[in-house]
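Visitor: any chance you could fold what I've pasted below:
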Amino acid sequence: MFLQLYESCCERSTYVIHSGGKLGFLKSGDDERWRILDNSWNVTYEDIMSYGENCIVVDDKGRTVIYDVEFKVSDLAEGLPGGGGHKKHLVECHGGEVFLVDKYVKHVWCKSEFSKSAVEFRVYKLKREEKRWEEVRELGDVALFIGEDCSFSVEMAGGGCIFYRDYRNGGRSRGVYSDGDGVFNMELTNAGKFWVSY
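Guide: The predicted model follows:
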């Protein structure tokens, strides 16, 4: 997973979360080699997003930090109680609000192999002044699209749901009402079968 930020027409910074969950960067004109920003043994980053000229990253416990263009880091939010679920996703919504979607999964037997299947989502809104995540029970007219490499929000009448790609059958499922794609309705709090292509 990578993110590219432009500081000017000629300078750019590229951030990447390596397979081991480490955050690396490459800055143009800076010896053109990758560097690790946080090499702590107990930190595993799961998602990254641009926020203006800055980069926001969240770890597997929900602790969230922001890096500016000079690679100075500041805390944005403490981790979730108990560390939360199994996979964290960052999403920017209208008005610049930052949300954390915490996905809970279970292992299921599907077509002769074990796969991960989403069973629950919890959504949190960043309370920047308080440096914490606040749980959100309703999304209103917002639909969240959650993917491994990209997550985004869309305002739409009757929103209040999360579209996601499930991992059953190795994430290769295709077709209407397949086991591999789903929608999670915030009001019904369940994950059901639904086709979505994004």
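
Visitor: what's the average pLDDT for stretch 24-39?
Guide: The average pLDDT for stretch 24-39 rounds to 73.

Visitor: next one: that stretch to chain centre, how far?
Guide: Relative to the mean C-alpha coordinate of its chain, stretch 24-39 is positioned 22 Å out (CA atoms, centre = their mean, to the nearest Å).

Visitor: and if you look at stretch 33-46?
Guide: Centroid separation for stretch 33-46 versus its chain: 17 Å, with CA atoms, centre = their mean.

Visitor: repeat that for stretch 146-153.
Guide: Taking mean C-alpha positions (CA atoms, centre = their mean), stretch 146-153 and its chain are 6 Å apart.

Visitor: can you pull out the residues in contact with that stretch?
Guide: Outside of stretch 146-153, the residues that reach it under the criterion CB atoms under 8 Å, 6 or more residues apart in numbering are 1, 47, 49, 89-94, 99, 101, 103, 121, 142-145, 162-165, 198. (C-beta placed from N, C-alpha, C; glycine too.)

Visitor: try it again with 7 Å
Guide: Around stretch 146-153, the neighbours that count as contacts under CB atoms under 7 Å, 6 or more residues apart in numbering are 1, 89-93, 101, 142-145, 162-165.

Visitor: nearest to V154 among those residues?
Guide: In terms of CB to CB, no member of those lies closer to V154 than A143, at 5.0 Å.

Visitor: burial measure for that closest one, as a count.
Guide: 19 (other CB atoms under 10 Å).

Visitor: for the chain, which helix or strand comes out least confident on mean pLDDT?
Guide: Here the helix or strand of the chain ranked lowest by mean pLDDT, DSSP states H and E is strand 190-193, holding a mean of 46.

Visitor: one step back: quick one, which of the contacts of stretch 146-153 are buried?
Guide: Among the contacts of stretch 146-153, those classed as buried by neighbour count (16 or more other CB atoms under 10 Å) are 89-93, 101, 142-145, 162-165.

Visitor: using JSON lines, lay out the residues you listed together with distance to D60.
Guide: Converted to JSON lines, these look like this (distance: CB to CB, whole Å):
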{"residue": "H89", "distance to D60": "12"}
{"residue": "L90", "distance to D60": "13"}
{"residue": "V91", "distance to D60": "17"}
{"residue": "E92", "distance to D60": "20"}
{"residue": "C93", "distance to D60": "23"}
{"residue": "V101", "distance to D60": "14"}
{"residue": "V142", "distance to D60": "25"}
{"residue": "A143", "distance to D60": "25"}
{"residue": "L144", "distance to D60": "20"}
{"residue": "F145", "distance to D60": "22"}
{"residue": "I162", "distance to D60": "19"}
{"residue": "F163", "distance to D60": "23"}
{"residue": "Y164", "distance to D60": "18"}
{"residue": "R165", "distance to D60": "19"}
